[in-house]
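Participant: What shape does this take:
(one chain, ligands or ions: 2)
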Amino acid sequence: MHIGILGGTFDPIHFGHIKPALEIKQKLLLDEVWLMPNHIPPHKQSTNITTQHRLKMVQDVCLQYPQLQLCDIEINRDTPSYTVVTLQQLKQAYPQASFYFIMGMDSFINLPSWHLWQQLFELCHIVLCQRPGWTLPPDSPMQQVLNQRATTIAQLIDNKNNTSQNTHGDIIPVDICLQNISSTEIRQKVQSNQDISKLLAPCTINYIQQHHLYRR
Ligand SMILES: Nc1ncnc2c1ncn2[C@@H]1O[C@H](COP(=O)(O)OP(=O)(O)OP(=O)(O)O)[C@@H](O)[C@H]1O
Ligand SMILES: O=C(O)c1ccc[n+]([C@@H]2O[C@H](COP(=O)([O-])O)[C@@H](O)[C@H]2O)c1
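Facilitator: Ligands and ions are numbered 1, 2, ... in the order given. Predicted coordinates for the structure are as follows:
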């Protein structure tokens, strides 16, 4: 089983999450892609709405897009949502699965600040997508990490068909259709009554309106 995981604060979830997740599922021939809202984001001071609201919006998106599934493993953990801890738990729960942790370039550039980040490569592959406004400096240590671990989609698919396949440790850069969207921009637009209709799924817009979220 080859499972992609897009972890996020999803405050709120938007097309910059949904569209890359769908494209990656198709391009990497993954069996499933899970959207995994965190509870206590390790690197954010706070969230703007409750965990339950963020969770509900992700649930609604999963109903609208059957290619995506909710993973709520972090929701009930009352400690920071460290990805290494989550992946250790998932590996125990699904010993046969290979996990592909999906992240945008902003997350990848900041990866050395993550809790026990190097252990990630013992637990999963990383799928790296471009994000407008974020470029990896060519002489940076993370560029070197990428050079050492980069695998093409063709190599990956070849490896998947092989019985002695790698289950972790590769970085797979994926060319996706760029989405110039952030949750920050959406929150600001809601507050100033600007149009957000092209940035999120209709179910998320309805939810934000019904619950008067991000108004101040
Ligand atoms: N537009 C985008 N393109 C590619 N990746 C994205 C995009 N938006 C978010 N991501 C990735 O999705 C994951 C979760 O992001 P997150 O929920 O923090 O959204 P965000 O838009 O960055 O939020 P905020 O603006 O509040 O910081 C991260 O790995 C991030 O890199
Ligand atoms: O493990 C860590 O130290 C760590 C640090 C920052 C972010 N993460 C995870 O990375 C994902 C994206 O985070 P964020 O803050 O961009 O929403 C989400 O699943 C976070 O829990 C994880």
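
Participant: Helix or strand: which one has the residue of the chain found nearest ligand 2?
Facilitator: Among all residues of the chain, residue 7 sits closest to ligand 2, at 2.3 Å; criterion: C-beta to the nearest ligand atom. C-beta: built from backbone N, CA, C; applies to glycine. If you go by DSSP states H and E, residue 7 is part of strand 2-8.

Participant: can you give me how far that strand is from the chain middle?
Facilitator: Once both centres are worked out by C-alpha atoms, centre = their mean, to the nearest Å, strand 2-8 turns out to sit 6 Å from its chain's centre.

Participant: show me where this structure has helices.
Facilitator: Using DSSP state H, the helices assigned to the chain run over residues 15-27, 51-64, 83-93, 105-109, 120-123, 141-149, 153-160, 183-191, 202-210.

Participant: Mind giving me the packing neighbours of the third one?
Facilitator: Taking 3 or more C-beta pairs under 8 Å, 6 or more residues apart in numbering; DSSP states H and E as contact, the helices and strands that helix 83-93 lies on are strand 2-8, strand 98-104, helix 120-123.

Participant: pLDDT of the second one, averaged?
Facilitator: For strand 98-104, the mean pLDDT works out to 98.

Participant: In TSV: the helices and strands packed on helix 83-93, plus distance to residue 81 and mean neighbour count.
Facilitator: Output for those, formatted as TSV (distance: least, C-beta to C-beta, whole Å; neighbours: other C-beta atoms under 10 Å):
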stretch	distance to residue 81	mean neighbour count
strand 2-8	8	23
strand 98-104	13	23
helix 120-123	14	18
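
Participant: now those in TSV, with distance to residue 80?
Facilitator: Shown next, in TSV, are the helices and strands packed on helix 83-93 (distance: least, C-beta to C-beta, whole Å):
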stretch	distance to residue 80
strand 2-8	12
strand 98-104	17
helix 120-123	15
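
Participant: May I have the helix or strand of the chain with the lowest mean pLDDT exported as CSV, CA atoms only?
Facilitator: The weakest-scoring helix or strand in the chain, judged by mean pLDDT, DSSP states H and E, is helix 153-160 (a mean of 85). The C-alpha trace of helix 153-160 is given here as CSV (Å, rounded to 0.1, in the frame of the first residue of the first chain):
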residue,chain,number,x,y,z
ILE,A,153,8.8,9.7,-10.6
ALA,A,154,9.9,7.1,-13.2
GLN,A,155,12.4,5.6,-10.8
LEU,A,156,9.9,5.6,-8.0
ILE,A,157,7.3,3.7,-10.1
ASP,A,158,9.9,1.3,-11.2
ASN,A,159,10.9,0.8,-7.6
LYS,A,160,7.2,0.3,-6.6
